[in-house]
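Student: this one's structure only:
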Ligand SMILES: N[C@@H](CCC[C@H](N)C(=O)O)C(=O)O
């Protein structure tokens, strides 16, 4: 299987171009687990498929490291846009990409010298704030802001947002003290999230700057989460820490994103994507 490994701020995925490689549907989940393994696979946070779409220029499907399929992936979208433009799957710098969470629009920005894609802007659409759309149980609040969540002996105050996939955002005083590895996995699988949840901790620096750490559903700690950063900025506005229409600089473990929840209700994300390597993967059971 031909693959390309790419990353967006250290959030790394194995990309397979389904225009050239036809993978069997029943193999996708186990293949994601296999390729993600750092010892016997390639090593990644999951598997992303780039495919034809009946409604958009391209379709992206994303499988987490544990084999679960997610509906959206912000860092993956920037990588897909770069891949599609540089490998001529699309001819324009602007393109539409179908995800299971809806259709988004991306625009690539080129390095003036090399012509390679450096930065990508994605219109991530409107955040979904109704509890049933996230989904989160046992609350009728819309938006779900400062909602108590009991985790073991602790009560955390969450803001819940869907960017096509579910996010629970928690504001903390000091990002270094955020209970990422302790509360992260417990919140991910908490009974109030019937589809599990991505868990984000945010320390506000100012209304236009924040520190961000993530425990991702299905992948654990990652260096960055694009949809999570969009959810975090949305949550900051909902809590009155930031303003709609103002760009927020988000510092993730792997680097920075610029996110705006605009007056038209759309969330815009701008950031980089990089190609690490191309390769040929030999599936388990077909190795010498
Ligand atoms: N890293 C991604 C999100 C990937 C999917 C997520 N773990 C989920 O299960 O919803 C991003 O950059 O958005």
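Tutor: Looks like it arrived, so ask away. The shown structure was predicted, so the numbers you read here are calculated from the model rather than taken from an experiment. Numbering: from 1, shown residues only.
Student: how far out from the middle of the chain is stretch 257-272?
Tutor: Its chain's average C-alpha position is 14 Å from that of stretch 257-272, according to C-alpha atoms, centre = their mean, to the nearest Å.
Student: What lies in contact with that stretch?
Tutor: Contact with stretch 257-272 is made by 8-9, 74-75, 78, 118-127, 163, 224, 226, 229-230, 232-234, 237, 242, 244-250, 255-256, as judged by C-beta atoms under 8 Å, 6 or more residues apart in numbering. C-betas here are computed from N, CA, C, even on glycine.
Student: Please flag which of those residues sit within strands.
Tutor: Counting by DSSP state E, the contacts of stretch 257-272 place 8, 118-123, 248-250, 255-256 in strands.
Student: Could you list the residues of the stretch 101-250 of the chain in contact with the ligand?
Tutor: Contact residues, the stretch 101-250 of the chain versus the ligand (C-beta under 6 Å from any ligand atom): 165, 198, 216-219, 222, 225-228.
Student: Shouldn't residue 34 be within a helix?
Tutor: Yes. Assessed with DSSP: H, G, I helix; E, B strand; the rest coil, residue 34 lies in a helix.
Student: quick one, what contacts the nearest residue to it once chain neighbours are set aside?
Tutor: Of all residues not flanking residue 34 in the chain, residue 41 sits nearest, at 5.1 Å (C-beta to C-beta, 6 or more residues apart in numbering). Going by C-beta under 8 Å, 6+ apart, residue 41 touches 34-35, 281.
Student: that older thread, give me the PyMOL select line for the contacts of stretch 257-272, limited to the buried ones.
Tutor: A single PyMOL command suffices to select whichever of these are buried according to 16 or more other C-beta atoms under 10 Å:
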select buried, resi 8+9+74+75+78+119+120+121+122+123+124+125+126+127+163+224+226+229+230+232+233+234+237+242+247+248+250+255+256
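Student: Kindly report the domain assignment for this structure.
Tutor: 2-123+272-286, 131-265 (the TED database).
Student: per-residue confidence at residue 272?
Tutor: Turning to residue 272, the model gives it a pLDDT of 98.
Student: That one - how many residues pack around it?
Tutor: 20 (other C-beta atoms under 10 Å).
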